[in-house]
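Participant: Kindly return the folded structure for what I paste below:
(one chain, ligands or ions: 1)
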Amino acid sequence: MPLEEELFPSTPGKVKNQTMNRQLHRCFSSTSTLFLWALFLIALTASYLSFQSFVDSGSKYFTASWGGIQWEKQVRNSAQILPRRSSSSPGMSVLVTGAAGFVGSHVSLALKKRGDGVVGIDNFNSYYDPSLKKARKSLLNDHGIFIVEGDINDAKLLAKLFDVVAFTHVMHLAAQAGVRYAMENPGSYVHSNIAGLVNLLEICKSANPQPSIVWASSSSVYGLNEKVPFSESDRTDQPASLYAATKKAGEEITHTYNHIYGLSITGLRFFTVYGPWGRPDMAYFSFTRNILQGKPITIYRGKNRVDLARDFTYIDDIVKGCIGSLDTSGKSTGTGGKKRGPAPYRIFNLGNTSPVTVPTLVSILERHLKVKAKKNVIDMPGNGDVPFTHANISYASKEFGYKPTTDLQTGLKKFVRWYLSYYGYNGKSVT
Ligand SMILES: O=C(O)[C@H]1O[C@H](OP(=O)(O)OP(=O)(O)OC[C@H]2O[C@@H](n3ccc(=O)[nH]c3=O)[C@H](O)[C@@H]2O)[C@H](O)[C@@H](O)[C@H]1O
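Facilitator: Residues are numbered from 1 along each chain as shown. This next block holds a predicted model:
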């Protein structure tokens, strides 16, 4: 409206009406704009909230299958300590990481059988056939052991587990294993053996009460050490593989947590563990599969045509070593993340004390399988292998009476019997 007409209307009433109409229109249009804006904001908020809940439930669905009253009940039941008839010790409730793995499943069963509470955690990764891990899980389930599907890097999950159960011990066996695979997938070793370990220790240090921790180091930490047999005090600063380096780093990291937070820690240097329900990536296992399927096997040979040798250790002996370590671990001293005094820090070799060459391992398998192997002998590639391993076990023997009793001949017989019952002659699972 022109300013003149606004100030000096020719027809005052008309102008008044027009102005009122316009004001009303303006008012109405600004109310409707407001209304529309409000509607828009409400719609935006609603869609944001529903998107959030979709993301939440989606991420829960994809990354975690844990939580809820029923889940907590399963965890609690599994951790229940049964009264022991033959022992005065109160029993323990143990969180076993890597419980669907080879050593983890055996240790879990042994603990449960004597009345200890056991809760497992495993990420069921596909480093080797996860169906074997699922089969171990269902075996454990039959014995009342619940395995949570999750990763040791998941701090929320670990914290929740410690909220639900006051674990007295942690048997930490989850790891990226395998010496040669470290050249293919180095990141997986850092993820599990370094980051996962630190995450677990962070939760343990803050737990109240703090648990005692026993964990799997490796004979590979001796690396290029040539002094035989390998003793815990020998040098371990020349790792030959990234796998060995991450296990050695684990020993240093656990020492730090023992020193700063008063966590009781025992590291176990396992020497090439084998047996029923073993790991398909290991030589004795893959040789068996290939021999039965008529496929060739590759046998590595060391410098100057010297045969490689390993202190192969049977799983039942390793289980005894793990349980002996748990029973003698001593208490952590910290509370609320603060150290209250010195706590035990130990490292033990768990080996067999009698190394056997790889060609001898093959000939024992041939005898048990009654099939000749097609052998392809080549010089050891530079892939992280060491020429030999040989454990001195006097420290473990002194501390908790560790004494391996199964030789390779007997142990492989038991392995072959299991292998045939599980896979059959043609390699297909029969369970
Ligand atoms: O004690 C350990 O700390 C490690 O033990 C195990 O490593 P290793 O001792 O290397 O066992 P494994 O692979 O069975 O090879 C055995 C022998 O067969 C030779 N070997 C292997 C494969 C092949 O094709 N040919 C061959 O000659 C090979 O050169 C070697 O001489 C675990 O895997 C590892 O996770 C870790 O726990």
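
Participant: check contacts around the nearest residue to V107 once chain neighbours are set aside.
Facilitator: Nearest residue to V107 in three dimensions, chain neighbours excluded: C322, at 4.9 Å (CB to CB, 6 or more residues apart in numbering). For the C-beta atoms, the positions are set from N, CA and C on the backbone; glycine is no exception. Contacts here follow CB atoms under 8 Å, 6 or more residues apart in numbering; on that basis C322 touches V103, V107, A110, M171, V214, L268, L350.

Participant: hang on, F102 packs against R279?
Facilitator: Yes. Using CB atoms under 8 Å, F102 is in contact with R279, at 4.9 Å.

Participant: neighbour count winner among these two?
Facilitator: Using other CB atoms under 10 Å, the more surrounded residue of F102 and R279 is F102, with 26 against 19.

Participant: Relative to the ligand, how far out is the more buried one?
Facilitator: For F102, the distance to the ligand equals 10 Å [CB to the nearest ligand atom, to the nearest Å].

Participant: Show me what from the stretch 201-350 of the chain comes close to the ligand.
Facilitator: With the criterion set to CB under 6 Å from any ligand atom, the stretch 201-350 of the chain comes near the ligand through 218-220, 270-272, 282-283, 298-300, 308, 310.

Participant: coming back round to it: tabulate the contacts of C322 (JSON lines), appending secondary structure.
Facilitator: Shown next, in JSON lines, are these (DSSP: H, G, I helix; E, B strand; the rest coil):
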{"residue": "V103", "secondary structure": "helix"}
{"residue": "V107", "secondary structure": "helix"}
{"residue": "A110", "secondary structure": "helix"}
{"residue": "M171", "secondary structure": "strand"}
{"residue": "V214", "secondary structure": "strand"}
{"residue": "L268", "secondary structure": "strand"}
{"residue": "L350", "secondary structure": "strand"}
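
Participant: ok, now how distant is whichever residue of the stretch 1-150 of the chain sits closest to the ligand from T168?
Facilitator: Taking CB to the nearest ligand atom as the measure, the point where the stretch 1-150 of the chain comes nearest the ligand is V103, at 9.2 Å. When distance is defined by CB to CB, to the nearest Å, V103 is 20 Å away from T168.

Participant: repeat for Y127
Facilitator: Look at Y127 and T168: by CB to CB, they are 30 Å apart.

Participant: and the residue of the stretch 301-431 of the chain nearest the ligand?
Facilitator: Nearest residue of the stretch 301-431 of the chain to the ligand (CB to the nearest ligand atom) works out as L308 at 3.8 Å.

Participant: How about the contacts made by that residue?
Facilitator: Taking CB under 8 Å, 6+ apart, one finds Y300, R301, G302, T357, V358, M380, D385, P387, F388 in contact with L308.

Participant: same check, this time on A99
Facilitator: Contacts for A99 were tallied using CB under 8 Å, 6+ apart; they are S105, S108, V118, G120, I121, D122, K137, L140, I145, I147, L173.

Participant: same thing with A309?
Facilitator: A309 makes contact with P355, V356, T357, V358, P387, F388, T389, H390, according to CB under 8 Å, 6+ apart.

Participant: Who is it paired with across the strands?
Facilitator: With DSSP bridges applied, A309 shows beta-bridge pairing to T357, F388.

Participant: thinking again about what came up before, export the contacts of A99 as JSON lines, with columns for neighbour count, secondary structure and distance to the ligand.
Facilitator: As requested, these are arranged in JSON lines below (neighbours: other CB atoms under 10 Å; DSSP: H, G, I helix; E, B strand; the rest coil; distance: CB to the nearest ligand atom, whole Å):
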{"residue": "S105", "neighbour count": "27", "secondary structure": "helix", "distance to the ligand": "16"}
{"residue": "S108", "neighbour count": "30", "secondary structure": "helix", "distance to the ligand": "18"}
{"residue": "V118", "neighbour count": "30", "secondary structure": "strand", "distance to the ligand": "22"}
{"residue": "G120", "neighbour count": "29", "secondary structure": "strand", "distance to the ligand": "20"}
{"residue": "I121", "neighbour count": "27", "secondary structure": "strand", "distance to the ligand": "20"}
{"residue": "D122", "neighbour count": "27", "secondary structure": "strand", "distance to the ligand": "16"}
{"residue": "K137", "neighbour count": "21", "secondary structure": "helix", "distance to the ligand": "21"}
{"residue": "L140", "neighbour count": "24", "secondary structure": "helix", "distance to the ligand": "21"}
{"residue": "I145", "neighbour count": "23", "secondary structure": "coil", "distance to the ligand": "23"}
{"residue": "I147", "neighbour count": "27", "secondary structure": "strand", "distance to the ligand": "21"}
{"residue": "L173", "neighbour count": "26", "secondary structure": "coil", "distance to the ligand": "11"}
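
Participant: The residue of the stretch 301-431 of the chain closest to the ligand and S286, how far apart?
Facilitator: On the measure of CB to CB, L308 and S286 end up 15 Å apart.

Participant: for N141, same thing?
Facilitator: 28 Å.

Participant: cool, V118 as well?
Facilitator: Separation of V118 from S286 (CB to CB): 30 Å.

Participant: Counting neighbours, which bits of the strand or helix carrying V319 end up buried?
Facilitator: Assigned by DSSP states H and E, V319 belongs to helix 315-327. The neighbour-count check on helix 315-327 (16 or more other CB atoms under 10 Å) flags I315, D316, D317, I318, V319, K320, G321, C322, I323, G324, S325, L326 as buried.

Participant: where do the helices sit along this structure?
Facilitator: 3-7, 12-63, 69-79, 102-113, 130-142, 155-164, 186-189, 197-206, 242-261, 283-292, 315-327, 358-369, 394-400, 408-423 (DSSP state H).

Participant: Much appreciated, bye for now.
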